[in-house]
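**Student:** give me the fold of what follows.
(one chain, ligands or ions: 1)
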Amino acid sequence: MSTSWADSVAADNNAASGSSNINGTGVASHPARSTYVPPHLRNRPPTAEPPFSSHSAPPSDNDRIGYGGSTSGSRPGGSRPDYGRQGYGSGGRGGGGWNSRGGGWDRGREREVNPFGNDDVNDEAERAFAEQESTGINFDAYEDIPVETSGENVAPPVNTFAEIDLGEALNLNIRRCKYVKPTPVQRHAIPISLAGRDLMACAQTGSGKTAAFCFPIISGIIKGQYDFNFSNHFDLQIHEEARKFSYQTGVKAVVAYGGAPINQQLRELERGVDILVATPGRLVDLLERARVSLEMIRYLALDEADRMLDMGFEPQIRKIVEQMDMPPPGLRQTLLFSATFPKEIQRLASDFLSNYIFLAVGRVGSSTDLIVQRVEFVHDSDKRSHLMDLLHAQMTNGIHGKQSLTLVFVETKKGADALEHWLYASGFHATTIHGDRTQQEREQALRSFKSGNTPILVATDVAARGLDIPHVAHVVNFDLPNDIDDYVHRIGRTGRAGKTGLATAFFNENNLSLAKPLADLMQESNQEVPTWLTRYASRVSYGGGKNRRSGGGRFGGRDFRREGSFSRSGGGGGSSGGYGGSSGGYGVSGSYGVGYGSGATSAWD
Ligand SMILES: Nc1ncnc2c1ncn2[C@@H]1O[C@H](COP(=O)(O)OP(=O)(O)OP(=O)(O)O)[C@@H](O)[C@H]1O
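**Tutor:** Numbering: from 1, shown residues only. The predicted structure is shown next:
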């Protein structure tokens with residue numbers, strides 16, 4: 001396990017673990033449709049207390065002025081007007097007034113807030129970045145992307161949103177989001193989902209997977225089907241997206257995550273919900289309190305699905321999906337999405353699916369060509385000065401005096417704090433996100449980063465997945481992760497939505513196990529691989545447990561059912577009938593999470 005230099009400076013003795021336990025904060029769950037209201041809560045008078053009051057603090061631009069600062073905070077988006085809503089207690093699904101689809105969910109005294117009205121990023125920052133963005137948007141870059149599907153009766157892809165019957169309200173929101181045409185994953189995944197099929201979908205970071213699973217779910221709810229779903233990263237961000245997509249459709253999305261007071265979330269749930277975005281830990285908690293039932297779940301979505309079944313999350317997921325009252329595969333529709341999908345995880349995931357379609361868009365598990373990747377050999381003791389050089393170079397390339405946004409990944413929480421302090425002392429405005437910071441602090445840090453006030457964000461792996469910040473120009477792997485998939489997700493914080501990006505990694509003897517997968521990945525992504533890295537790659541045998549791609553071929557981007565040993569019907573993916581439903585020999589419950597969770601950095605909590 002590598003040790004970062006930032007660490008050694010920061011830590012007196014205690015080399016920080018860098019990982020945090022798993023209780024659900026970082027894990028996001030996606031919307032679960034919990035239309036259920038427990039009997040003892042039905043017909044109760046509405047509570048006067050505004051939900052999400054923790055979100056109502058006014059935004060501030062910088063979360064760490066002088067380091068001591070309180071970070072009591074706001075979430076991106078600033079204050080949230082009172083939802084105030086009544087009549088939640090009408091009981092069960094369809095109760096609480098949510099049959100009245102369309103025109104928003106003004107259910108009683110709770111009014112729907114316009115999610116397009118309070119943009120995260122202030123105007124000045126938006127203008128400053130606009131020039132950069134206008135040259136960067138390049139969805140055509142995705143046009144030639146290879147697409148692979150396997151499974152029976154795959155619905156044909158569409159080229160425009162107009163070809164899909166998503167409903168007028170949702171179409172209006174798509175226009176409000178300024179989405180002109182569907183991205184490749186959306187083109188394929190939306191028709192498959194609308195056809196009612198289970199789906200395991202792999203597509204590159206930043207390619208629009210969130211909308212790809214949200215649109216069919218929202219559309220299905222509008223049409224009167226019932227739903228639940230859940231995912232695993234920045235759940236507030238997914239919630240924000242879901243709120244935009246479902247605005248004035250009559251569909252209500254609620255978020256439940258660890259690290260925030262559970263009572264507020266309970267109150268919100270009691271008022272009725274169509275889509276619940278939840279972290280596994282918090283959802284288990286809610287289920288154990290018997291405050292939520294999954295009986296009426298119609299859709300289950302796992303975003304970052306490979307992560308959900310990795311790193312020890314699997315027992316929680318199995319508990320939620322298999323041991324509570326959720327309808328089994330076949331009776332619910334299950335959608336799994338990620339940019340990386342190792343075969344072993346596919347095998348586990350197949351337990352949750354029924355007669356599913358496998359969809360791979362792009363070189364799955366690979367990074368997008370839009371990201372220029374550089375690897376430099378840097379000894380631990382030289383990392384800071386090297387980073388300084390990169391930052392100085394970037395300053396001269398800044399936009400309108402604003403430094404472009406740089407995300408720096410380090411291995412440990414202490415390392416993150418130490419590097420932030422050092423950057424500040426060196427004249428750079430920086431902030432941090434890691435497992436020891438509260439949810440509010442993280443949100444505040446994100447806001448400060450997005451606005452450009454602290455254009456450097458130092459983060460642990462907690463920020464590796466899902467985070468969608470439009471203007472990140474550079475991702476620096478100050479400390480490389482142990483797992484190549486984590487690398488893929490980290491660098492995917494730049495080069496999003498068709499924009500270009502730069503990723504620089506500091507490599508040294510501590511990262512030898514990554515040499516081969518990194519060289520392979522760079523080659524796959526048409527990047528220039530330094531000769532010294534190729535030499536390391538050929539020398540080092542890396543059969544260890546952490547880099548799952550070893551021996552895997554094409555980075556796990558194929559349907560594992562097509563591999564000889566799993567091919568029951570010899571169909572080359574053409575027939576999936578034999579794979580659906582429960583484990584049937586693939587599901588080795590519990591045997592995997594241990595395998596490659598151990599030792600890998602996790603700042604998830
Ligand atoms: N059809 C579209 N047209 C334009 N922009 C889009 C479209 N679909 C999604 N986007 C934008 O692209 C960005 C990336 O989308 P999203 O966060 O869903 O990517 P992702 O594939 O989930 O990435 P990751 O794997 O890193 O989580 C978002 O800012 C989103 O608003």
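**Student:** A strand includes residue 360, no?
**Tutor:** Yes: if the criterion is DSSP: H, G, I helix; E, B strand; the rest coil, then residue 360 is within a strand.
**Student:** show the pLDDT at the nearest residue to it once chain neighbours are set aside.
**Tutor:** Spatial nearest neighbour of residue 360, chain neighbours left out: residue 148 (4.4 Å); criterion: Cβ to Cβ, 6 or more residues apart in numbering. Every residue, glycine included, has its C-beta placed from N, CA and C. pLDDT, residue 148: 90.
**Student:** these two touch, right, residue 149 and residue 361?
**Tutor:** No: contact criterion Cβ atoms under 8 Å: residue 149 and residue 361 do not qualify, at 9.3 Å.
**Student:** those two: which is more packed in?
**Tutor:** residue 361 (28 against 19; other Cβ atoms under 10 Å).
**Student:** contact partners for the more buried one?
**Tutor:** Residues near residue 361 by Cβ atoms under 8 Å, 6 or more residues apart in numbering: 145, 146, 147, 184, 185, 188, 201, 202, 203, 204, 207.
**Student:** and the pLDDT for it?
**Tutor:** Note on residue 361: pLDDT of 89.
**Student:** ignoring the adjacent residues along the chain, who's closest to it?
**Tutor:** That would be residue 203: by Cβ to Cβ, 6+ apart, it lies 4.0 Å from residue 361.
**Student:** the helix or strand harbouring residue 448 - contacts with which helices or strands?
**Tutor:** Residue 448 is part of helix 439-451 when elements are defined by DSSP states H and E. For helix 439-451, the elements it packs on are strand 405-409, strand 430-433, strand 456-459, judged by 3 or more Cβ pairs under 8 Å, 6 or more residues apart in numbering; DSSP states H and E.
**Student:** so, in contact with the ligand or not, that helix?
**Tutor:** No: Helix 439-451 does not reach the ligand (Cβ under 6 Å from any ligand atom); its nearest approach is 11.8 Å.
**Student:** where in the chain is pLDDT low?
**Tutor:** Across the chain, the ranges flagged by pLDDT under 70 are 1-112, 117-143, 225-236, 311, 363-367, 396-403, 540-557, 564-605.
**Student:** if we can go back for a sec, buried ones among the contacts of residue 361?
**Tutor:** The neighbour-count criterion (16 or more other Cβ atoms under 10 Å) marks 145, 184, 185, 188, 201, 202, 203, 204, 207 among the contacts of residue 361 as buried.
**Student:** narrow these to those in helices?
**Tutor:** 184, 185, 188 (DSSP state H).
**Student:** would you mind listing what in the chain touches the ligand?
**Tutor:** Neighbours of the ligand within the chain, by Cβ under 6 Å from any ligand atom: 179, 182-183, 186, 203, 205-211, 339, 466, 468, 470, 492, 496-497.
**Student:** same thing but at 5 Å, please
**Tutor:** With Cβ under 5 Å from any ligand atom as the criterion, the chain meets the ligand at residues 179, 183, 205-211, 339, 466, 468, 492, 496-497.
**Student:** ok, which stretches of the stretch 251-400 of the chain are strands?
**Tutor:** Assigned by DSSP state E, counting those that start in this stretch, the strands in the stretch 251-400 of the chain fall at 253-256, 275-278, 299-303, 333-338, 357-361, 371-377.
**Student:** residue 224: neighbouring residues, count only.
**Tutor:** The tally of other residues near residue 224 (other Cβ under 10 Å) stands at 10.
**Student:** ok, for the residue of the stretch 401-550 of the chain found nearest the ligand, nearest residue in space, not its chain neighbours?
**Tutor:** Among the residues of the stretch 401-550 of the chain, residue 497 lies closest to the ligand, at 3.3 Å counting by Cβ to the nearest ligand atom. Using Cβ to Cβ, 6+ apart and skipping the chain neighbours, the partner closest in space to residue 497 is residue 206 (5.6 Å).
**Student:** is it true that the one you found touches residue 491?
**Tutor:** No: counting by Cβ under 8 Å, residue 206 stays clear of residue 491, with 10.2 Å between them.
**Student:** neighbour count: the two, which is higher?
**Tutor:** Neighbour count, other Cβ under 10 Å: between residue 206 and residue 491, residue 491 has more, with 28 against 24.
**Student:** can you pull the contacts of that one?
**Tutor:** 205, 367, 371, 373, 475, 477, 501, 503.
**Student:** identify, from those residues, the entry nearest to residue 288.
**Tutor:** The shortest approach to residue 288 among the contacts of residue 491 belongs to residue 205, at 33.8 Å (Cβ to Cβ).
**Student:** could you pull up the residues touching the closest one?
**Tutor:** For residue 205, the contact set (Cβ under 8 Å, 6+ apart) comprises 339, 367, 368, 488, 489, 491, 492, 493, 495, 496.
**Student:** the contacts of residue 491: which two are farthest apart?
**Tutor:** The most widely separated members of the contacts of residue 491, counting by Cβ to Cβ, are 205 and 477 (14.4 Å).
**Student:** overlap in contacts, residue 149 and residue 361.
**Tutor:** In contact with both residue 149 and residue 361: residue 188, using Cβ under 8 Å, 6+ apart.
**Student:** let me know the helix or strand that residue 473 is in.
**Tutor:** Per DSSP H and E: strand 472-477 holds residue 473.
**Student:** now residue 522
**Tutor:** Element membership for residue 522, per DSSP H and E: helix 515-524.
**Student:** next structured bit after that helix?
**Tutor:** Taking DSSP H and E, what comes next after helix 515-524 is helix 531-539.
**Student:** extract the CA atoms of that following helix and return them as PDB.
**Tutor:** The C-alpha trace of helix 531-539 is given here as PDB (Å, rounded to 0.1, in the frame of the first residue of the first chain):
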ATOM      1  CA  THR A 531       8.600   4.000 -22.300                       C
ATOM      2  CA  TRP A 532       9.500   3.800 -18.600                       C
ATOM      3  CA  LEU A 533       5.900   2.800 -17.800                       C
ATOM      4  CA  THR A 534       5.900   0.100 -20.400                       C
ATOM      5  CA  ARG A 535       9.100  -1.200 -19.000                       C
ATOM      6  CA  TYR A 536       7.600  -1.300 -15.500                       C
ATOM      7  CA  ALA A 537       4.500  -2.900 -16.900                       C
ATOM      8  CA  SER A 538       6.400  -5.700 -18.600                       C
ATOM      9  CA  ARG A 539       8.400  -6.400 -15.500                       C
END
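**Student:** residues of that helix that come out buried?
**Tutor:** For helix 531-539, burial by neighbour count (16+ other Cβ under 10 Å) applies to 533, 536, 537.
**Student:** the second one contacts residue 515, correct?
**Tutor:** Read that as residue 536. Yes: if you go by Cβ under 8 Å, residue 536 and residue 515 touch, sitting 3.8 Å apart.
**Student:** next one: residue 250 from residue 161, what distance?
**Tutor:** Noted for residue 250: a distance of 20 Å to residue 161, by Cβ to Cβ, to the nearest Å.
**Student:** correction: the previous question concerned residue 310.
**Tutor:** For residue 310, the distance to residue 161 equals 33 Å [Cβ to Cβ].
**Student:** compare these two (neighbour count), which wins?
**Tutor:** residue 310 (26 against 20).
**Student:** excluding chain neighbours, what is closest to residue 154?
**Tutor:** Closest to residue 154 by Cβ to Cβ, 6+ apart is residue 357, at 5.5 Å.
**Student:** what is the burial count for the one you found?
**Tutor:** 25.
**Student:** can you tell me who it pairs with across the strands?
**Tutor:** Listed by DSSP bridges, the beta-bridge partners for residue 357 are residue 199.
**Student:** how about the one 4 residues further on?
**Tutor:** When bridges are called by DSSP bridges, residue 361 pairs up with residue 147, residue 203.
**Student:** and the buried residues of helix 531-539 as a markdown table, adding distance to residue 114?
**Tutor:** Converted to a markdown table, these look like this (distance: Cβ to Cβ, whole Å):
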| residue | distance to residue 114 |
| --- | --- |
| 533 | 49 |
| 536 | 53 |
| 537 | 52 |
